[in-house]
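Visitor: Need coordinates for the below:
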Amino acid sequence: MRLTTDHIRQAPQFTNTMLQREIDLRGMRISSLDENVLVRLDNSFDVINLTSNALVTLDYFPAENDASPFVTGKGLMSRIETVIVHRNQLRRVSVQTCVLRLPSVKQFLADDNNFRSLEDIVFLRHWPRLEVVSLEQNPLCANSGSTDLSKLRAFIAFLCPKVKLINYERVTKQDLELRDQHRVEFNALVDLRSKDTPATTEKGEKQRKRGRHNRKDVSPEKRQKNDISVSKEDFQSRLEYIEKRMEDANISTEEFDALEKEMSYIIEQQSSN
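Guide: Sure, this is the predicted structure:
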């Protein structure tokens, strides 16, 4: 289910115990965001809480130059300092349409998602103010031994020079020493990941192949071509395939829309089971 204006209207908005303005979008079964809806928040919040939704990719936050009669200031979501996305299915965070559009983020809390490798979290380096990172109960952590967890902490310290807490534990001298030991390896990993970039426009922004402005009707023939009997497949494997396919720069708008509908269907089926 795409984020809608109804979600925004229904979401609790309050001042939390840290005296920050927070919008609570928890548990609304949101599977994708929409910059045309988020722009209505008018840069009024310090915290956005998207816990317990169905997000696979974190993207499509509004850009500074998005024209809207609802916006009165510059830097549409530059006030956001904390992003909370626990208990989703996140595997990817877009640098172009998420990280760079939330330049003030200091806390990224993403427990119980689907980050599987160090490559999946390279995006953290583009948040230079990050002080708190939590990725507990992700495959990246759950499938690692103690040595790999130490390397994970060192990698996060490498990506985020100002980080103070990783998985709710203070960064230690050992973390920093291990970071320095692996610096060459970490640099190579980041360089490799940086070459894997999505389709961009002339302005360097990721093209939005979905949304009400670019959506086209899908003919029955083309829709049938993309229909998959998901009940006979492993849902998670299918979701991973869909996510990878949707990142292909050569995918057509029609196929993208059809796959997005299938993804929403699968997520709804998982939620109802």
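
Visitor: burial of the nearest residue to residue 112 once chain neighbours are set aside, as a residue count?
Guide: Among residues not flanking residue 112 along the chain, residue 137 sits closest, at 4.2 Å (CB to CB, 6 or more residues apart in numbering). Heads up, the C-betas are built off the backbone N, CA and C, glycines and all. Neighbours of residue 137 under the rule other CB atoms under 10 Å: 15.

Visitor: contacting residues around residue 137?
Guide: 111-113 (CB atoms under 8 Å, 6 or more residues apart in numbering).

Visitor: if we go to 10 Å?
Guide: With contact set as CB atoms under 10 Å, 6 or more residues apart in numbering, residue 137 has these partners: 86-87, 110-113, 167.

Visitor: With distance to residue 64 as new columns, can those be given to me in a markdown table?
Guide: A markdown table is the format used below for the contacts of residue 137 (distance: CB to CB, whole Å):
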| residue | distance to residue 64 |
| --- | --- |
| 86 | 28 |
| 87 | 30 |
| 110 | 25 |
| 111 | 30 |
| 112 | 32 |
| 113 | 28 |
| 167 | 32 |
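
Visitor: In helices, which of the residues you listed appear?
Guide: When DSSP state H is applied, the contacts of residue 137 are split such that none fall in helices.

Visitor: Now those in TSV, please, with extra columns for distance to residue 19 and neighbour count.
Guide: Shown next, in TSV, are the contacts of residue 137 (distance: CB to CB, whole Å; neighbours: other CB atoms under 10 Å):
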residue	distance to residue 19	neighbour count
86	22	19
87	26	18
110	24	25
111	24	18
112	27	17
113	28	24
167	25	17
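
Visitor: and of the residues you listed, the nearest to residue 194?
Guide: In terms of CB to CB, no member of these lies closer to residue 194 than residue 110, at 21.2 Å.

Visitor: Would you mind confirming that the closest one is in contact with residue 130?
Guide: No - using CB atoms under 10 Å, residue 110 is not in contact with residue 130, being 12.0 Å away.
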